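Visitor: need a 3D model of the following:
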Amino acid sequence: MALTIRINGQLMLLMLAEGLSELGCRIIQSNTDGVFVLMKKSIRDKAHA
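Guide: Now for the predicted structure:
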């Protein structure tokens, strides 16, 4: 069960990074702990939706 949760979490982070990248965010770092991105203020409202 723990392996399933770990894999699902990694897939969710990957999908988040991919979605933010498509919005125009710059992915600085992505690992199993999270995603660090830079985004313009004009993109912020779209990213929070």
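Visitor: C-alpha only now, for contacts and for neighbours.
Guide: OK.
Visitor: do a quick rundown of the strands in this protein.
Guide: Secondary structure of the chain (DSSP state E): strands at 26-31, 34-38.
Visitor: any idea which of those is most buried?
Guide: Compared across these, strand 34-38 shows the largest average neighbour count, a mean of 14 (mean count of other CA atoms under 10 Å).
Visitor: and that strand, what does it pack onto?
Guide: Identification of packing neighbours for strand 34-38 by 3 or more CA pairs under 8 Å, 6 or more residues apart in numbering; DSSP states H and E yields helix 2-23, strand 26-31.
Visitor: what helices or strands is the worst-scoring helix or strand of the chain on mean pLDDT leaning on?
Guide: In the chain, the helix or strand scored least confidently by mean pLDDT, DSSP states H and E is helix 41-48, which has a mean of 85. Contacts defined by 3+ CA pairs under 8 Å, 6+ apart place helix 41-48 against helix 2-23.
Visitor: show the average pLDDT along the helix it packs on.
Guide: In this model, helix 2-23 carries a mean pLDDT of 89.
Visitor: need the contact partners of stretch 12-29.
Guide: 30, 32, 34-40, 43, 46-47 (CA atoms under 8 Å, 6 or more residues apart in numbering).
Visitor: just how off-centre is it within its chain?
Guide: On the basis of CA atoms, centre = their mean, to the nearest Å, stretch 12-29 sits 4 Å off its chain's mean C-alpha point.
Visitor: and that stretch, what's buried?
Guide: Buried positions in stretch 12-29, judged by neighbour count with 16 or more other CA atoms under 10 Å: 13-14, 17, 20, 25.
Visitor: from Gly9, how far off is Val37?
Guide: Separation of Val37 from Gly9 (CA to CA, to the nearest Å): 18 Å.
Visitor: please apply the same query to Ile43.
Guide: 24 Å.
Visitor: could you do Arg44 as well?
Guide: 23 Å.
Visitor: try Ser21
Guide: As judged by CA to CA, Ser21 and Gly9 stand 18 Å apart.
Visitor: same check, this time on Glu18
Guide: In terms of CA to CA, Glu18 sits 14 Å off from Gly9.
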